[in-house]
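Undergrad: Give me a model of this one.
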Amino acid sequence: MLWTVCLVGLCAVGLAPSFSGASCAERAAAIAAPLHTDVAPVARELAPLGPIIEVHWVQRVDGGLCDISPGALRAAREGVARVADVAVLRRLTAPDTGDPVAPDARLSPWLPSRADWWSGPALDARFDSGADEASAWYWLDRASGVVHFRSDVDHDPGT
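TA: Model (predicted):
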């Protein structure tokens, strides 16, 4: 009990272990970069889509980097990808009858002007690798070959 009180006290005054010596604000800024175009961090989420021609995505971290409460952080990612083979995705989707997809406004330059989103559970994915888990959901605009995706990924800022 005393150890828990001491650890919580150290966290409260900012003396808890840090990630690579960066301040909380520096870690938050590095993780929440406004727009990404690199495929590597989202390669696993994009794998079910086949070859990717172009991708633009944003990320936010749920759970707070400086919280003193325990629990895994989740990186919520959202993006737009242009795929090479639309025919395969067309077979896995149907007209989306749920709530309309509302992509992040920062992605608007890469969205089709009159998107007709199609989705389907056969396309959605879940990735498990020990403690590292991710889930992804996809919406396809069949005419343009643009896919809007969202994913939740376990996030360890120390890696």
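
Undergrad: mind listing what Arg44 touches?
TA: Arg44 sits next to Phe127, Ala134 when contact means Cβ atoms under 8 Å, 6 or more residues apart in numbering. Where C-beta positions appear, they are placed from N, C-alpha and C, glycine not excepted.

Undergrad: is it true that it lies in a helix?
TA: Yes - looking at Arg44 with DSSP: H, G, I helix; E, B strand; the rest coil, it is inside a helix.

Undergrad: pLDDT score for it?
TA: Per-residue confidence (pLDDT) for Arg44: 84.

Undergrad: Relative to Val61, how far out is it?
TA: 18 Å (Cβ to Cβ, to the nearest Å).

Undergrad: What of Arg91?
TA: Arg91 is 35 Å from Val61, by Cβ to Cβ.

Undergrad: Compare those two and say which is more crowded by neighbours.
TA: More crowded of Arg91 and Val61, by other Cβ atoms under 10 Å: Val61, with 17 against 9.

Undergrad: So the more buried one is in contact with Ala75, correct?
TA: Yes - between Val61 and Ala75 there is a contact under Cβ atoms under 8 Å: 5.6 Å.

Undergrad: Noted, bye for now.
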